[in-house]
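# Just to be clear, the model below is a prediction. Sequence and coordinates:
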Amino acid sequence: MTASTTSTEGGGKQRRTELKHLTYSGNFELKCTATVLACRLCSPSDEDATASAEQSVTKVEMNLDVTTMHPQGGGQPTDIGNIFSEGGAARAIIDRVSLDRETGVVTHHGRVESTTGGDLSENFSPGDSVSVAVDPSRRLVLSECHTAGHVVDSAMARCGKILPPTKGYHFLDGPYVEYKGSIPPEERGSLLTDLQAAFQDLVKDDIATTIETLSKDDAERVCNRLAKNFDFSEFGEEDVRVVTVAGWPCPCGGTHVKSTGQLIERGWSITGIKCKKGVVRVKYNLSKR
Ligand SMILES: [Zn+2]
């Protein structure tokens, strides 16, 4: 393999990537134009005749000034999609997006292909303008999955179980939300029935999602209105993104659908409760892919 690296002038510290999808309108924008800050291409060597099909692709790691692609994190899987060079001569097919939490730099990982048969190394140089396009169908189902997790929170509150959330797993292979606390065994059956009904009511009410950026103090006031559910001590001094789904606010960095009614089509519902060692896990899923 031969690697070529292009990076920002002087190779110094990179600036944070602006995450467009964190604003309200940006949550629903799948495309943006961006500028390449750094790009590392790793192509198969011409002399390496033994390269397998896997090795014969040109891999890429690219940093941009801004992106609409959600990096994996906060319990939500990575977006996938394409980054097109200006003029469309090359395409980077992105299968993973990662965020370095310390630096705030997002890296788009994938492979590149030339659409014209031209030299790939002439594309994606620092300063080049590119077009970012998130895969819309995957984004939609992941946003539904994440939003449904918030609806579980709201359903729990509606059923009088306001417990501190400890984990959200919004992956399609078996999503769930976990809370600190316990439910007596004799209550679990009726709670599940009540939660399922509350979830469906909240979905039928088609409640609009709101996304706001608040000061840390305001975010704490809004999110801990009914109970001290969230610990803001780990938050820095920066503003906090507060997402309200089904009337229930919480600090969140994921992507969401515009209203709970969008969970009807794929038949999202609560599927089970499990209690173990002071953790309540509420499982939910879709019924139609
Ligand atoms: Zn969220």
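Alright, I've got the coordinates.
# so what's the single nearest residue of the stretch 151-289 of the chain relative to the ion up against?
Closest residue of the stretch 151-289 of the chain to the ion, Cβ to the ion: C252 (3.2 Å). Glycine gets a C-beta too; all of them are placed from N, C-alpha and C. Contacts for C252 (Cβ atoms under 8 Å, 6 or more residues apart in numbering) come out as 74, 150, 241-243.
# would a markdown table of these with distance to the ion be doable?
Converted to a markdown table, the contacts of C252 look like this (distance: Cβ to the ion, whole Å):
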| residue | distance to the ion |
| --- | --- |
| G74 | 7 |
| H150 | 5 |
| R241 | 9 |
| V242 | 10 |
| V243 | 5 |
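# what does the domain assignment say about this protein?
Domain ranges of the chain: 12-134, 139-285, per automatic domain parsing.
# which of the ones you listed has the lowest average pLDDT?
Ranked by mean pLDDT, the domains of the chain end with domain 12-134 in last place, scoring a mean of 86.
# got the buried residues for the longest strand seen in the chain?
Using DSSP state E, we find that the single longest strand of the chain is strand 31-43. Neighbour-count burial for strand 31-43, counted by 16 or more other Cβ atoms under 10 Å, picks out 32, 34, 36-43.
# Helices of the protein, start to end?
Applying DSSP state H to the chain gives helices spanning 24-27, 136-158, 185-204, 216-223.
# Most tightly packed of those?
helix 136-158 (a mean of 22; mean count of other Cβ atoms under 10 Å).
# neighbouring contacts of stretch 206-226?
Contacts for stretch 206-226 (Cβ under 8 Å, 6+ apart): 22-24, 27, 147, 157, 162, 229-230, 232, 235, 237-247, 249-251, 256-261.
# among those residues, which ones are buried?
Among those, those classed as buried by 16+ other Cβ under 10 Å are 22, 24, 27, 147, 157, 162, 229-230, 240-247, 249-251, 256-257, 259-260.
# which bits of the chain sit near the ion?
243, 252, 254 (Cβ under 5 Å from the ion).
# For the ion, state which of the buried residues of strand 31-43 is nearest.
C32 (20.7 Å).
# Now that the closest one has come up, it's in contact with L19, right?
No - shown here, C32 and L19 do not form a contact pair, counting by Cβ atoms under 8 Å, at 10.6 Å.
# before we move on, back to that, just send the helices of the chain back as TSV, with distance to I94 too.
Below are the helices of the chain laid out as TSV (distance: least, Cβ to Cβ, whole Å):
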stretch	distance to I94
helix 24-27	18
helix 136-158	11
helix 185-204	32
helix 216-223	31
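# Among the buried ones among the contacts of stretch 206-226, name the ones in strands.
Judged by DSSP E, the buried ones among the contacts of stretch 206-226 include 240-245, 249-251 as members of strands.
# farthest pair in the residues you listed?
Greatest spatial distance in these: V240 and V245, 15.8 Å, computed using Cβ to Cβ.
# dump the residue contacts of the residue lying closest to I93 once chain neighbours are set aside.
Closest residue to I93 apart from its sequence neighbours, by Cβ to Cβ, 6 or more residues apart in numbering: G110 at 4.9 Å. Residues in contact with G110, defined by Cβ under 8 Å, 6+ apart, are 59-60, 92-96.
# at 7 Å instead, please
Contact partners of G110, counting by Cβ atoms under 7 Å, 6 or more residues apart in numbering, are 60, 92-95.
# And L30, by the same measure?
Contacts of L30 (Cβ under 7 Å, 6+ apart): 68, 133-134, 136, 139.
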